[in-house]
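K.L.:
fold the following.
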Amino acid sequence: MNAERENYIVLLLGSAEGPIPTVWHLQKEMFLLSRAIPKVQGLFNFEKHYEGPYCQALQEQSKEPFYLADAYGFDNAGRLHLTMDGRKIFSAIIKQYQSNERFMRMFNSMKLIRSIYDKLQKDELLLLVYVSYPEFIDLSNAYDRLVKDAEKRGGLAKGLLEKGVITQDRYKEIVNLKVVE
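P.N.:
So this is what the prediction gives:
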């Protein structure tokens, strides 16, 4: 167990107004954060999994927090959100580190990740992960359906472009992707 992991969950949850849509989104958003912040990468050991990068410790601590037992939970729709206690913990963490430039860069990265990826459907997010981090396709049960299928890949890429998540150039890269067989 690691209390620091639960602090990062609280920070990610607090970095946007609403809840994280699913625990699955939490997994992928924390993975993306870990690729940008080495400290986060050290806390969360993401492994290849049948639906992209996965961290068992994150899964367990999101569902059953140990150190911050009343900080967050799931609503009836399966969305992860901060509780009243969690909001207090979040505010205390922000207050403690708000003058730390490196912390604020990391927190701004969290806000950016949430603002972009919370609005994506599972297939859209997974497509982005697979085309950006192909080292995580090995155990995938979705790669063939999402990436190898040119029509599906193109449709998802078009949706991402329309949502403003990717640029026209990135859209073309994804549509014209040389697929790993």
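K.L.:
which strands or helices does the longest helix along the chain pack on?
P.N.:
In the chain, with assignment by DSSP state H, the single longest helix is helix 101-117. Helix 101-117 sits against helix 3-14, helix 23-36, helix 84-97, with contacts defined as 3 or more C-beta pairs under 8 Å, 6 or more residues apart in numbering; DSSP states H and E. Just so you know, the C-beta spots here come from the backbone N, C-alpha and C atoms, and that holds for glycine as well.
K.L.:
got those as TSV, with distance to Leu177 and mean pLDDT columns?
P.N.:
Shown next, in TSV, are those (distance: least, C-beta to C-beta, whole Å; pLDDT from 0 to 100):
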stretch	distance to Leu177	mean pLDDT
helix 3-14	29	97
helix 23-36	19	95
helix 84-97	39	98
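K.L.:
which one, of these, ends up nearest to Lys152?
P.N.:
Minimum separation from Lys152 across the helices and strands packed on helix 101-117 (C-beta to C-beta) falls at helix 23-36, 18.5 Å.
K.L.:
that closest one: which residues count as buried?
P.N.:
Neighbour counts over helix 23-36 (16 or more other C-beta atoms under 10 Å) mark Trp24, His25, Leu26, Gln27, Lys28, Glu29, Met30, Phe31, Leu32, Leu33, Ser34 as buried.
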